[in-house]
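Undergrad: here is the input, now give the coordinates:
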Amino acid sequence: MFSLKIPDNKLLTLYSLHTLNDGYYSGILLFLPFIARDLNLNLSQAGFLASLINLVTIFITLPSGYIAVKLGSLRTLFMALLIYASSYVLLGFANNYTVLIFTFLLAGIGFGVFHSIGFAIISRISDINNRGRLIGNFTAIGDLGRIGIATLLTFFIALAGWHITAVVFGLAAFSIAIILILIKNQNNIHQTSQNPNMNLKLLNILKNRRLLYAFSISFLDTFASSSLFIFLPFLLLLRGAQPSLLGAFTAIYFIGNLMGKTLLGRSADKIGNTKILIFSELVMVGSIIFMTYIPSLIVIIIASLILGIVSKGTAPVFLTMITEAVQSHGNYEKVFGLNGIATGIANTLAPLVLGVISDIYGIEVAFSVMAFCALLTLFPALLFHKSRS
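TA: Numbers count the residues shown, from 1 in each chain. Coordinates of the predicted model:
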């Protein structure tokens, strides 16, 4: 009799799910230009659909932690895959703006569930000697999904149109989810054992000063770095770069992202997360200042690569700090859910605030604000380090 039984490898399953989650998230945004053209949407309407996913993420991350505690982490992630696969299928049949709003709302629920639970699983199956490396690899694998799936999706859109492409990709993800669920059931993959403190009340979690320091680091770092790639092309144009080269310059930044997530995660294991974080934030501040106030494209190119490394590369570093702060009770799902809310707010506020500052005072001032926020990150980092003694 045919059996789907394969070796039990939670890490491989989690990496595969992350590749799909981030790839499909980036992919659904790539539909927007084609949808806007065919359904006569204006840029405000298209922008609202993109923002809707991020807004839903803010509200879904904390409840997703509670759901994972009740149903099991992997089972919850499989459900999330089914949800955003369904949103793709629905997208293929969308013919008006109301359906699109519901579709992107559904997609936001599916995508918003993943990261807090994924980081919780990684934290639980790792230890202090390899946590930075595993979290770094986990964050980097999502970038590979963005590159691969997004590239494949745009090829299919050009070949068959966005309606058919959405349905095909949705059914493919739906099929993968069913296969993973069957494999899980046949292999009897048990969820990681739950800690007796899993039901620790939220208020008691928030009384943890070290965790609040780590949340502050996460918020400030995200605010400082999340909009760099958005405003970088505008700075390049101000410095006289050819529009046709903007994609190449931005690609340099993303290459740095991929390098940083693996490099800094490993360095945090060997040298210490607070030391690596402080060093990275100082490098970020210096790179932003050099990029902003030295009118040279060469300087911007070099600074873009360095910024790519130290901006997104800090994610696995401060995530190990969050894990360290709560390892006594292991309530990772709720904690990463709270952190997801903090970073979601930062991701939502940063482009709005920095855009207004750019319009009023100039883009150089906006970059200076990013540098200042990165500098502010040093204060909770030092407090976190001091709290160890």
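Undergrad: using PDB, write out the CA atom coordinates for stretch 131-143.
TA: Only the C-alpha atoms of stretch 131-143 are listed here, as PDB (Å, rounded to 0.1, in the frame of the first residue of the first chain):
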ATOM      1  CA  ARG A 131      19.600  29.800  18.100                       C
ATOM      2  CA  GLY A 132      21.000  32.800  16.200                       C
ATOM      3  CA  ARG A 133      22.100  30.500  13.300                       C
ATOM      4  CA  LEU A 134      18.700  28.800  13.000                       C
ATOM      5  CA  ILE A 135      16.700  32.000  13.300                       C
ATOM      6  CA  GLY A 136      19.100  33.700  10.700                       C
ATOM      7  CA  ASN A 137      18.600  30.800   8.300                       C
ATOM      8  CA  PHE A 138      14.900  30.800   8.900                       C
ATOM      9  CA  THR A 139      14.600  34.500   8.100                       C
ATOM     10  CA  ALA A 140      16.800  34.200   5.000                       C
ATOM     11  CA  ILE A 141      14.900  31.300   3.600                       C
ATOM     12  CA  GLY A 142      11.900  33.600   3.300                       C
ATOM     13  CA  ASP A 143      13.900  35.900   0.900                       C
END
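Undergrad: distance from the chain centre to that stretch, please.
TA: 11 Å (Cα atoms, centre = their mean, to the nearest Å).
Undergrad: residues making contact with it?
TA: 11, 14-15, 18-19, 21-23, 118-119, 122-123, 125-126, 254, 257-258, 261-269, 273, 312-313, 315-317, 319-320, 323 (Cβ atoms under 8 Å, 6 or more residues apart in numbering). The way it works is simple: take the backbone N, C-alpha and C, and place the C-beta from them, glycine included.
Undergrad: which parts of it are buried?
TA: 131-143 (16 or more other Cβ atoms under 10 Å).
Undergrad: tell me the mean pLDDT for it?
TA: For stretch 131-143, the mean per-residue pLDDT is 83.
Undergrad: and residue 86, how far from residue 79?
TA: According to Cβ to Cβ, to the nearest Å, residue 86 stands 11 Å off from residue 79.
Undergrad: got it, and residue 331?
TA: Distance from residue 331 to residue 79, by Cβ to Cβ: 21 Å.
Undergrad: check residue 138 too.
TA: Distance from residue 138 to residue 79, by Cβ to Cβ: 20 Å.
Undergrad: check residue 125 too.
TA: 20 Å.
Undergrad: which of the helices or strands spans the closest residue to residue 243 other than its chain neighbours?
TA: Closest residue in space to residue 243, ignoring its immediate chain neighbours: residue 237 at 7.0 Å, by Cβ to Cβ, 6 or more residues apart in numbering. Counting by DSSP states H and E, the element that carries residue 237 is helix 228-238.
Undergrad: how far off centre is that helix?
TA: That offset, for helix 228-238, works out to 21 Å (Cα atoms, centre = their mean).
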